[in-house]
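Chemist: The sequence and its predicted three-dimensional model are supplied below.
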Amino acid sequence: MFQKALAGELVNNEHTQVYVTVTESDSEQPQGLLSTTEEDKVEITKVEIHKVLSEEVFPNGDVISKGESEVTLLAAGSLSEDKYPASSSVGVRIKLDYDGQSLGGFSTRKLTRYTVTPLRSDIAFSMTSLEYQAANFGTGWKADGTMYVASEYMPKQQITSIVYNSPMSLTTNNFVKYTPINSDVIASSGVTGKFSYRRGSGSILTHQFDLSW
């Protein structure tokens, strides 16, 4: 499904939604003696695959569900002065598993598991570091409907020895909060982080990501 999405063949139906976007962002600039005033532009291809795995609708309209969102981020390299080719170099694939429930009058989700996989499609590039963390913020509810506002965190993962195409999974056993989606409630749940990469021994570029609902 991922390869079809990159080829422009989007398979959308009642239970699966696929999106592909290409954006440019400023690379995080290096610090210290290597700092530069030149801003490198990083082209990121983002492929999202959202699936509803199970769903139960009750007579009162409440819904209990399970689902997964898989997001692949592929970096093309620096676009300034045509330093790097526009083909994909390295990136990450992040899969978020969640439980869904109607709580407090909202559709809510609780992150149950997340899987992060470093990717490389061009051996001329290498990922130098990867950092990510799962967290819950803001107003939410426990499964019994009790409002819950305390923030929840998983330990931050900082990786410098990159093994490509090797999934790293963590289960959020300590998370109890369901946070609302598609609402004006101040809340967020998901995985944030960044990865750094370079071509050969060239300058290090960094892309930050926030995959939250």
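Modeler: Right, received. Where do you want to start?
Chemist: Once you drop chain neighbours, what's closest to E43?
Modeler: A76 (3.9 Å; Cβ to Cβ, 6 or more residues apart in numbering). Backbone N, C-alpha and C define where each C-beta goes, glycine included.
Chemist: Could you identify the helix or strand that succeeds the helix or strand encompassing the one you found?
Modeler: With elements delineated by DSSP states H and E, A76 resides in strand 63-78, which encompasses its position. Per DSSP H and E, the first helix or strand lying C-terminal to strand 63-78 is strand 90-103.
Chemist: Strand partners (parallel or antiparallel) of that following strand?
Modeler: Based on DSSP bridges, the pairing partners of strand 90-103 within the sheet are strand 63-78 (antiparallel), strand 106-120 (antiparallel).
Chemist: The strand holding A76: which residues count as buried?
Modeler: For strand 63-78, the neighbour count (16 or more other Cβ atoms under 10 Å) marks 65-78 as buried.
Chemist: Now that strand - C-alpha only, PDB.
Modeler: C-alpha atoms of strand 63-78 as PDB (Å, rounded to 0.1, in the frame of the first residue of the first chain):
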ATOM      1  CA  VAL A  63     -18.400   4.100  19.500                       C
ATOM      2  CA  ILE A  64     -15.500   1.800  20.700                       C
ATOM      3  CA  SER A  65     -12.800   1.100  18.100                       C
ATOM      4  CA  LYS A  66      -9.300   0.000  17.500                       C
ATOM      5  CA  GLY A  67      -7.100   1.500  14.700                       C
ATOM      6  CA  GLU A  68      -3.600   2.300  13.500                       C
ATOM      7  CA  SER A  69      -2.000   5.300  11.800                       C
ATOM      8  CA  GLU A  70       1.200   4.600   9.800                       C
ATOM      9  CA  VAL A  71       3.200   7.700   8.700                       C
ATOM     10  CA  THR A  72       6.300   7.500   6.600                       C
ATOM     11  CA  LEU A  73       8.600  10.600   6.300                       C
ATOM     12  CA  LEU A  74      11.200  10.500   3.500                       C
ATOM     13  CA  ALA A  75      13.800  13.300   3.300                       C
ATOM     14  CA  ALA A  76      15.200  14.400  -0.100                       C
ATOM     15  CA  GLY A  77      18.100  16.400   1.200                       C
ATOM     16  CA  SER A  78      19.100  20.000   1.000                       C
END
